[in-house]
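A.B. asks: Need coordinates for the following:
(one chain, ligands or ions: 2)
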Amino acid sequence: MAYNKIESYDEHVTASLMQHYRESIALLGEDPDREGLVKTPERMAKAMQVLTQGYQQDARAILNSAKFTEAYSEMVIVKDIELYSMCEHHMLPFFGKAHVAYIPNGYITGLSKIARVVDVYSRRLQVQERLTHQILDAIQDTLQPLGVAVVIEAQHLCMMMRGVQKQNSLTTTSAFSGQFGDGKTRAEFMKLITSRLG
Ligand SMILES: Nc1nc2c(ncn2[C@@H]2O[C@H](COP(=O)(O)OP(=O)(O)OP(=O)(O)O)[C@@H](O)[C@H]2O)c(=O)[nH]1
Ligand SMILES: [Zn+2]
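C.D. replies: Ligands and ions are numbered 1, 2, ... in the order given. Got it, this is the predicted structure:
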């Protein structure tokens, strides 16, 4: 299963989406036949397939594809993983950073796989809370570590471009399992994700 990129677009999905987007453009008062817009329904159809390609991908398979036996049992943190997702309420983007940590219990995974898991769940229609939990669950189930921590900080365009129109609000969500339930371990993680080396 190709999990890290779209190999090809689904022809039928592309064709149907194009028809809908063409109609949407006209409904919004534009001329879908003018030069600049002629190819827009196709571009949108393809773009939306990329932005939702997480539905075709399996986060657990990704983590298992680079699961290694290793005695390391300190916290592993991958922080500042940029993410782009879409809120399921308005289908407008939300974007920001994910910070992910786990404490191995005999197994580690390839570091890039953590970032790929963030992408798999980001490229779906989401709420930030569920995205946070799904990342945690995939790591917990696959590596069975002593604990997992996920913190996501994001800005939602549906709150910026429309609606309440707040440009600087940042939403933080978090999920913790196992040893991160302990205040000291959690505090160490929170300290490390805010630290900047050099
Ligand atoms: N909890 C949560 N809410 C979100 C997320 N993304 C968008 N929302 C919110 O989803 C809510 C949908 O509320 P509704 O009242 O149904 O929609 P609306 O009338 O467009 O709301 P406004 O944005 O307040 O204009 C809004 O409050 C959004 O801010 C998310 O990731 N998590
Ligand atoms: Zn929204």
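A.B. asks: Nearest to ligand 2 within this protein, name that residue for me.
C.D. replies: Cys158 (2.9 Å; Cβ to the ion). Yep, even glycine has a C-beta here, placed from its N, CA and C like the rest.
A.B. asks: got the contact list for that residue?
C.D. replies: 87, 89-90, 92, 94 (Cβ atoms under 8 Å, 6 or more residues apart in numbering).
A.B. asks: got a winner among those residues for most neighbours?
C.D. replies: Within the contacts of Cys158, Phe94 tops the neighbour count with 24 neighbours, counted by other Cβ atoms under 10 Å.
A.B. asks: can you list the domain ranges for the protein.
C.D. replies: Residue ranges for the domains of the chain, per automatic domain parsing: 11-51, 59-194.
A.B. asks: from these, which stretch is densest packed?
C.D. replies: Most buried of the domains of the chain by mean neighbour count (mean count of other Cβ atoms under 10 Å) is domain 59-194; its value is a mean of 17.
A.B. asks: that older thread, report the mean confidence score over the strand or helix carrying the residue of the chain closest to ligand 2.
C.D. replies: In this assignment (DSSP states H and E), Cys158 forms part of helix 157-160. Average pLDDT, helix 157-160: 97.
A.B. asks: what does stretch 98-107 give?
C.D. replies: Per-region confidence: stretch 98-107 scores 98 on mean pLDDT.
A.B. asks: what bits of this protein have low per-residue confidence?
C.D. replies: Scanning the chain with the threshold set as pLDDT under 70 gives 1-7, 197-198.
A.B. asks: can you give me the helices in it?
C.D. replies: 11-27, 40-51, 59-64, 111-122, 128-143, 157-160, 183-194 (DSSP state H).
A.B. asks: need the ones you listed in TSV with distance to Leu83, can you?
C.D. replies: Formatted as TSV, those follow (distance: least, Cβ to Cβ, whole Å):
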stretch	distance to Leu83
helix 11-27	24
helix 40-51	12
helix 59-64	14
helix 111-122	5
helix 128-143	8
helix 157-160	14
helix 183-194	15
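A.B. asks: With respect to Glu74, which of those lies nearest?
C.D. replies: helix 183-194 (10.1 Å; Cβ to Cβ).
A.B. asks: Return the alpha-carbon coordinates of stretch 123-141 using CSV.
C.D. replies: The C-alpha coordinates for stretch 123-141 follow below in CSV (Å, rounded to 0.1, in the frame of the first residue of the first chain):
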residue,chain,number,x,y,z
ARG,A,123,-5.2,14.9,5.9
ARG,A,124,-8.8,14.2,6.8
LEU,A,125,-11.8,16.2,7.9
GLN,A,126,-11.0,16.8,11.5
VAL,A,127,-11.5,18.4,14.8
GLN,A,128,-8.2,19.2,16.6
GLU,A,129,-9.2,17.1,19.6
ARG,A,130,-9.8,13.9,17.6
LEU,A,131,-6.6,14.5,15.6
THR,A,132,-4.7,14.7,18.9
HIS,A,133,-6.2,11.4,20.2
GLN,A,134,-5.8,9.5,16.9
ILE,A,135,-2.1,10.2,16.8
LEU,A,136,-1.7,9.1,20.4
ASP,A,137,-3.7,5.9,19.9
ALA,A,138,-1.8,4.8,16.8
ILE,A,139,1.5,5.1,18.6
GLN,A,140,0.2,3.5,21.8
ASP,A,141,-1.3,0.5,20.0
